[in-house]
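Enquirer: generate a structure from the sequence data that follows.
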Amino acid sequence: MNTEKHCCGRSLFLLVMAIGIVFTAFAPAQVTLTQLSEDTFTDQASQHKSEVEPGTFTWGSTIVTAFQVARIYSGGGADVGFATSTDSGQTWTNGYLPGLTVYYDSGPNQAASDAMVAYDALHGEWIIVTLPIGSTNTSVAVSRSTDGINWGNPVSVTNLGSPDKDFIVCDNTATSPYYGHCYVEWDDTSQGDLIEMSTSTDGGQSWSTEKPTQGNDYGIGGWPLVLPKGTVVVPISGFNGDVIAFTSTNGGQSWNAAKNISSDTSHYENGDLRSPGLITAAIDAGGKVYVAWPDCRFRSGCAENDAVYSTSTNGTKWSAVKRVPIDPVSSTVDHFILGLGIAPGTKGAKAHLALAYYYYPVSNCSTCELYAGFIESSTGGKTWGSPVELAGPMQISWLPNTFSGYMVADYVTVGFGNGLAFPVVAVAQAPQGGLLQEAMYTTATGQEFRPELEQLTAEGDVPVPDAHSDHGPREYLDQENRIPVSGQRPPERDEPDQF
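Expert: Numbering: from 1, shown residues only. Below is the predicted model of the structure:
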């Protein structure tokens, strides 16, 4: 399968063998979008046609994104799909990962979820980590490729416990003592979402026994990142209304106890939308880590979320939380499901930050309208350009349903090509013929950084005194099943895992 679709004005055109097929599209956005993939499965378990939750990584001129295809109500998709550009986003090739599920290439599992992408420069391997969902348990596995297009069968990382929300990174700094180490993070729901880490030193062919942190910390949705000298920093959503981070300074032999980054003060989205409020993170070329999440501390009454962030150069000491000035604090706009990227080679005061997100123009909505947006900064977050509407409005009913709400993603991501940002987001149109019309998109030509047009700043913005979440402290039982219980460790539960 090698399909591209382009969204221009009010029409969407499918380009296959030079045959144009016109679809009804959403209202005009501010950019032209390219469709990266399409759900072609026909199984009875899935909600067709749907694609959700992209993970993306860039190395050189190659961008690889991976995502769930054919979302299943109870968890995961019929398979994990991928879309790859080897020419900095000009053209794309897509397909499905082999050997994961019963729906494609004789895999053993009923579904697959939580795809994230990394590249191992030492071993020349692209790696997609996934969460295969079997009939009795879940696991963590990786698929490997030397070109980002031809993928081998999955390699097991762990079959123990009940893993959830896996993420991956590789150490690609040639001068690092741990060059070529790759690290996978997940949480084990059978142990109350205990954080686990595993390490590979051979391009993902084999993986170490999982290890918890020295503090036996609990959390979900960690984003491992590697500093230039090899220290691994893993920011993650904690279970005490906070964002935390832990580190390894010895190539994954051990993992230090987590340190606090900030409180997590959030608004709960309306409209029965699945929006778990997880973090997103990225690192600049100088080793400065940025962690962002949706937060309402700057809004009166916690009525809407902003995108906020904190930074660190060592993973243990973190800056005061700042707001991304997408909209004024007096606006009704609610921002959530974030994806942060930083252009390769940029750093410090000239770091190119790119943030994709979803939003409601009016937070207090009953019939909510969903949009995808994008904003960027070429000054390391000091100033920002005007926000760009990528897609919308989308009706929530156009999305595949899960037991925790209608879904576009738990996270989104950004790739880069020739200095341009390529935000990857799930976009939905009105269903046709009883089938959904949700797929993965990115911008057709990339988003150019324009420093001279960056006029927005959050300088002077201060949190509302005594700001607190409008839903009380929450903990996660899997990424989808949040419960209002305080304390470090979630209670035991009787229900099956959900993904």
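
Enquirer: the helix or strand hosting Val80 - what's its average pLDDT?
Expert: Val80 belongs to strand 77-85 when elements are defined using DSSP states H and E. Here strand 77-85 scores 98 as its mean pLDDT.

Enquirer: next structured bit after that strand?
Expert: strand 93-96.

Enquirer: from the chain's centroid, how far away is that next one?
Expert: The gap between where strand 93-96 is centred and where its chain is centred comes out at 19 Å by Cα atoms, centre = their mean, to the nearest Å.

Enquirer: hey, C-alpha coordinates of the next helix-or-strand element following it in CSV?
Expert: Sequence-wise, the next helix or strand downstream of strand 93-96 (DSSP H and E) is strand 111-120. This file holds the C-alpha atoms of strand 111-120, laid out as CSV (Å, rounded to 0.1, in the frame of the first residue of the first chain):
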residue,chain,number,x,y,z
ALA,A,111,-4.9,-6.3,18.8
ALA,A,112,-1.9,-4.0,19.0
SER,A,113,-1.6,-0.6,20.7
ASP,A,114,0.7,2.2,21.8
ALA,A,115,3.1,2.5,18.9
MET,A,116,6.2,4.7,19.4
VAL,A,117,9.3,5.1,17.1
ALA,A,118,13.1,5.4,17.6
TYR,A,119,16.2,5.1,15.5
ASP,A,120,19.4,3.4,16.6
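
Enquirer: for strand 111-120, the distance to its chain's centre please.
Expert: For strand 111-120 - counting by Cα atoms, centre = their mean - the centre lies 10 Å from the chain centre.

Enquirer: likewise stretch 328-339?
Expert: That offset, for stretch 328-339, works out to 18 Å (Cα atoms, centre = their mean).

Enquirer: so for that stretch, what gets flagged as buried?
Expert: Val329, Val333, Asp334, His335, Phe336, Ile337, Leu338, Gly339 (16 or more other Cβ atoms under 10 Å). C-beta here means a position set from N, CA and C on the backbone, and glycine is covered the same way.

Enquirer: out of these, which comes closest to Asn172?
Expert: Nearest to Asn172 out of these is Gly339 (Cβ to Cβ; 20.4 Å).

Enquirer: need the longest strand for this structure.
Expert: When the chain is parsed with DSSP state E, its longest strand is strand 420-432.

Enquirer: low-confidence stretches in the protein?
Expert: Flagging of the chain using pLDDT under 70 yields the residue ranges 1-29, 472-499.

Enquirer: hmm, try it at 80
Expert: 1-30, 471-499 (pLDDT under 80).

Enquirer: still on that earlier bit, next helix or strand past the longest strand of the chain?
Expert: strand 435-443.

Enquirer: now intersect the buried residues of stretch 328-339 with the strands, please.
Expert: Per DSSP E, the subset of those in strands is Asp334, His335, Phe336, Ile337, Leu338, Gly339.

Enquirer: the fifth one and Cys368: what is the separation?
Expert: Leu338 is 18 Å from Cys368, where distance means Cβ to Cβ, to the nearest Å.

Enquirer: got it, and the fourth one?
Expert: In this view, Ile337 and Cys368 are 13 Å apart by Cβ to Cβ.

Enquirer: Arg144: how many residues sit nearby?
Expert: Neighbourhood size, Arg144 [other Cβ atoms under 10 Å]: 19.

Enquirer: now the one 10 residues further on
Expert: Here the neighbour count serves as a burial measure; for Pro154 (other Cβ under 10 Å) it reads 25.

Enquirer: tell me the contacts of it?
Expert: Contact analysis of Pro154 by Cβ atoms under 8 Å, 6 or more residues apart in numbering lists Leu97, Gly99, Leu100, Gly107, Thr130, Pro132, Ala141, Val142, Ser143.

Enquirer: the first one - how many residues pack around it?
Expert: Summarising burial for Leu97: neighbours were counted as other Cβ under 10 Å, giving 26.

Enquirer: shouldn't it be in contact with Ser143?
Expert: Yes - look at Leu97 against Ser143 with Cβ atoms under 8 Å: they come within range, at 4.9 Å.

Enquirer: Trp255 contacts Glu210, correct?
Expert: No - look at Trp255 against Glu210 with Cβ under 8 Å: they stay out of range, at 10.4 Å.

Enquirer: these two: who's more crowded?
Expert: Trp255 (24 against 21).

Enquirer: ignoring the adjacent residues along the chain, who's closest to the more buried one?
Expert: Thr213 (4.4 Å; Cβ to Cβ, 6 or more residues apart in numbering).

Enquirer: ok, that neighbour - contacts?
Expert: Taking Cβ under 8 Å, 6+ apart, we find Thr213 in contact with Ile195, Met197, Phe246, Trp255, Asn256, Ala257, Ala258.

Enquirer: ok, now Val243?
Expert: Pro235, Ile236, Ser237, Asn260, Ile261, Ser262, Ser263, Asp264, Ile279, Val291, Trp293, Ser310.

Enquirer: residues touching the host helix or strand of the fifth one, excluding its own?
Expert: Yep, that's Ile261 we're talking about. In this assignment (DSSP H and E), Ile261 forms part of strand 259-263. The contact list for strand 259-263 (Cβ under 8 Å, 6+ apart) reads 235, 238, 241-246, 291, 297, 310, 312, 315-316, 318, 321.

Enquirer: are any of these buried, and which?
Expert: 235, 238, 241-246, 291, 297, 310, 312, 315, 318, 321.

Enquirer: straight-line length of stretch 405-424, end to end?
Expert: End-to-end distance of stretch 405-424 (Cα to Cα, to the nearest Å): 21 Å.
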